[in-house]
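Q: Requesting a structural model of the entry that follows:
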Amino acid sequence: MPVIGHTFAGILIAQEFEPAGPRNHRPLGPLARAFWIPAIVGLSYLPDLVTQIVLWMGYRSAQSAGHSIVLGSLAGVVIGVVWARMTGGSVRVLTALAVGSIVLHDVLDLLQDGQRMPFWPLSDLRAGVGGRASADRWGWELLVFGLPFAIYEIWRVSSRRP
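A: Residues are numbered from 1 along each chain as shown. Next up, the predicted model:
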């Protein structure tokens, strides 16, 4: 599980799709704006959160359910619609952000784990890179996710118009 990568991905998505920005034209109220980045970073961790809650409840298939692209996409649609109704944001944009954040989590996990079933319950096919990921996960994540994120932040700050 790329712990650092999920945070970087959530922050990057939140910055690129900030309310009243070029990719998300509709403004949001002050409370929704204040929780914009935490909400999207939270969505970036949702599969792990669901997995831990379902494991705690005693279900052995928690990993498959929590990290299913199929179930994550469905959950993202529901979350996006509810989020839009609560904040007055665009249903289309917020649904795309919710689905995208959740599915991106699953894709990032596939880069470090070979025991995922991304299409569960439709398929029991296991996917991922397995043992090819580095044993030094923190160093690997900082290199693979942190370096591109730092480059993105430098570009974002330097390309801002006065």
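Q: where in this protein is pLDDT low?
A: Low-confidence segments of the chain (pLDDT under 70): 1-2, 113-114, 128-137, 161-162.
Q: what are the ranges of the helices in it?
A: Applying DSSP state H to the chain gives helices spanning 3-16, 30-34, 36-56, 62-66, 69-87, 91-110, 137-141, 147-158.
Q: nearest to D124, of those helices?
A: Ranking those by their distance to D124 (criterion: Cβ to Cβ) puts helix 62-66 first, at 8.3 Å. Glycine gets a C-beta too; all of them are placed from N, C-alpha and C.
Q: in the closest one, what counts as buried?
A: Residues of helix 62-66 classed as buried by neighbour count (16 or more other Cβ atoms under 10 Å): 62-66.
Q: now stretch 73-86
A: Residues of stretch 73-86 classed as buried: 75-77, 79-80, 83-84 (neighbour count, 16+ other Cβ under 10 Å).
Q: and H6, how many residues sit next to it?
A: Using other Cβ atoms under 10 Å, H6 has 24 other residues around it.
Q: Can you tell me how far it is from G76?
A: 15 Å (Cβ to Cβ, to the nearest Å).
Q: same question, L142
A: Distance of L142 to G76, computed by Cβ to Cβ: 28 Å.
Q: what does A65 give?
A: 15 Å.
Q: Check T95 too.
A: 7 Å.
Q: ok, now E153?
A: With Cβ to Cβ as the criterion, E153 and G76 are 26 Å apart.
Q: Same question for G100.
A: Counting by Cβ to Cβ, the gap from G100 to G76 is 8 Å.
Q: same check, this time on W36
A: Taken as Cβ to Cβ, the span from W36 to G76 is 17 Å.
Q: same question, R126
A: As judged by Cβ to Cβ, R126 and G76 stand 23 Å apart.
Q: and if you look at T51?
A: Distance from T51 to G76, counting by Cβ to Cβ: 16 Å.
Q: Now the terminal residues of stretch 21-37, how far apart.
A: 14 Å (Cα to Cα, to the nearest Å).
Q: What lies in contact with that stretch?
A: Residues from elsewhere that reach stretch 21-37 (Cβ atoms under 8 Å, 6 or more residues apart in numbering): 10-11, 14-20, 86-90, 93.
Q: Apply 7 Å and report the result again.
A: For stretch 21-37, contacts defined as Cβ atoms under 7 Å, 6 or more residues apart in numbering pick out 11, 14, 16-20, 87-90, 93.
Q: Quickly name whichever of those residues is closest to P148.
A: Nearest to P148 among those, counting by Cβ to Cβ, is I11 at 12.3 Å.
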